[in-house]
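1. quick check, what structure comes out for this input:
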Amino acid sequence: MAGLVSPEQVGTLIQAGASPARLRSASAPRLVADEEHLPFREQGLDLVVSLLSLHWTNDLVGALVQIRRSLKPDGLFLGAMFGGATLTELRQSLLIAESETGAGAGLRVSPFADGFDGAALLQRAGFTLPVADVDRVTVRYDHPIKLMADLRAMGETNMLVERPRTPLTRGVLARAAEVYAERFGLPDGRIPATFEIVTLTGWAAHESQQLPLKPGSAKMRLADALQVVEHKLGDE
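-> Numbers count the residues shown, from 1 in each chain. Below is the predicted model:
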């Protein structure tokens with residue numbers, strides 16, 4: 001977007017977030033807001049950008065609906081959120097380690113939406129021309145405890161209301177580290193941590209946008225376009 005829009009073309013840039021502390025360093029205007037209760041008026045924004053925060057919403061589709069309503073016709077939404085494969089190694093290792101204690105395993109890592117459902121989520125929220133791209137980034141650590149320390153520093157620890165309230169014991173943490181190394185360890189002795197980034201793109205409806213053609217209105221056969229020989233079903 002930086003190559004397409006110059007600062008002089010931006011009228012008002014509003015920086016919003018749920019954390020007042022993080023917004024202190026933002027340039028004005030800034031606004032403390034919850035993604036599930038957006039304060040923007042209907043059809044008041046040209047562009048909405050969301051960076052790695054939507055995975056915390058209780059009602060993801062509802063939050064997307066509010067974003068779509070706040071956009072002017074032909075307004076654009078660009079969003080990035082963590083997808084379902086995020087921290088899969090840590091999730092599996094903790095589940096195995098806790099289950100071995102006999103007391104049962106709790107949900108220690110928050111769930112994430114399936115990245116491949118991104119376009120469907122946008123459609124359900126009323127966006128047009130929805131696109132979802134999935135990228136996976138692997139970060140390497142010397143030890144799982146260092147990964148957990150980074151997650152805490154990022155504010156990405158488990159915030160589920162129904163999360164296990166009993167702290168992890170040293171024995172469970174030690175066993176989880178062993179499982180992590182045994183199942184996912186790299187040849188150099190380090191461990192990987194997967195972060196799946198789902199990029200969402202959707203537009204508020206406008207009459208100028210292209211629409212799908214009506215069934216049966218094609219003027220050219222697919223075989224002709226691909227320059228291949230068409231065979232009837234059952235032919236060799």
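2. point out where this structure drops to low pLDDT.
-> The chain contains residues with pLDDT under 70 at 1-7, 102-106, 159-165, 213, 234-236.
3. let's check: the centremost residue of it is which one?
-> Met81 (2.2 Å; Cα atoms, centre = their mean).
4. ok, and the closest non-adjacent residue to it?
-> Leu54 (4.3 Å; Cβ to Cβ, 6 or more residues apart in numbering). C-beta coordinates here come from the backbone N, C-alpha and C atoms, glycine included.
5. bridging across strands, which residues link to the residue nearest to the centre of the chain?
-> Val198 (DSSP bridges).
6. so how far is His55 from it?
-> 5 Å (Cβ to Cβ, to the nearest Å).
7. common neighbours of those two, please.
-> Common neighbours of Met81 and His55, counting by Cβ atoms under 8 Å, 6 or more residues apart in numbering, are 112-113.
8. check which helices and strands the strand or helix carrying Ala97 sits against.
-> Here Ala97, judged by DSSP states H and E, is contained in helix 88-99. For helix 88-99, the elements it packs on are helix 144-153, helix 170-184, strand 191-203, judged by 3 or more Cβ pairs under 8 Å, 6 or more residues apart in numbering; DSSP states H and E.
9. just to revisit the earlier point, the residue nearest to the centre of the chain contacts Val198, doesn't it?
-> Yes - counting by Cβ atoms under 8 Å, Val198 is a contact partner of Met81 at 5.4 Å.
10. ok, which stretches of this structure are strands?
-> 15-17, 30-32, 45-51, 71-82, 128-141, 191-203 (DSSP state E).
11. for these, which one sits closest to Arg221?
-> Arg221 sits nearest to strand 128-141 of all those, at 26.2 Å, using Cβ to Cβ.
12. so what's the residue lying closest to Gln92 once chain neighbours are set aside up against?
-> Closest residue to Gln92 apart from its sequence neighbours, by Cβ to Cβ, 6+ apart: Arg183 at 7.1 Å. For Arg183, the contact set (Cβ under 8 Å, 6+ apart) comprises 89, 92-93.
13. let's see that with 10 Å instead.
-> Counting by Cβ atoms under 10 Å, 6 or more residues apart in numbering, Arg183 touches 89, 92-93, 96, 191.
14. also Arg30?
-> Per Cβ under 10 Å, 6+ apart, neighbours of Arg30: 13-17, 20, 22-24.
15. buried ones only from the residues you listed, please, as a ChimeraX command.
-> The following ChimeraX line selects those of the contacts of Arg30 that are buried, judged by 16 or more other Cβ atoms under 10 Å:
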select :16,17,23
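16. list the contacts of the residue nearest to Glu35 when sequence neighbours are not counted.
-> Excluding the flanking residues, the one nearest Glu35 by Cβ to Cβ, 6+ apart is Ala63, at 4.6 Å. Going by Cβ under 10 Å, 6+ apart, Ala63 touches 34-38, 50, 53-54, 56-57, 79, 125.
17. now distance to Arg152 and neighbour count too, for the residues you listed, in TSV please.
-> Rendered in TSV, the data for the contacts of Ala63 read as follows (distance: Cβ to Cβ, whole Å; neighbours: other Cβ atoms under 10 Å):
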residue	distance to Arg152	neighbour count
Asp34	22	13
Glu35	22	21
Glu36	24	15
His37	27	9
Leu38	28	18
Ser50	23	17
Ser53	17	17
Leu54	21	21
Trp56	15	18
Thr57	21	16
Gly79	25	22
Ala125	32	21
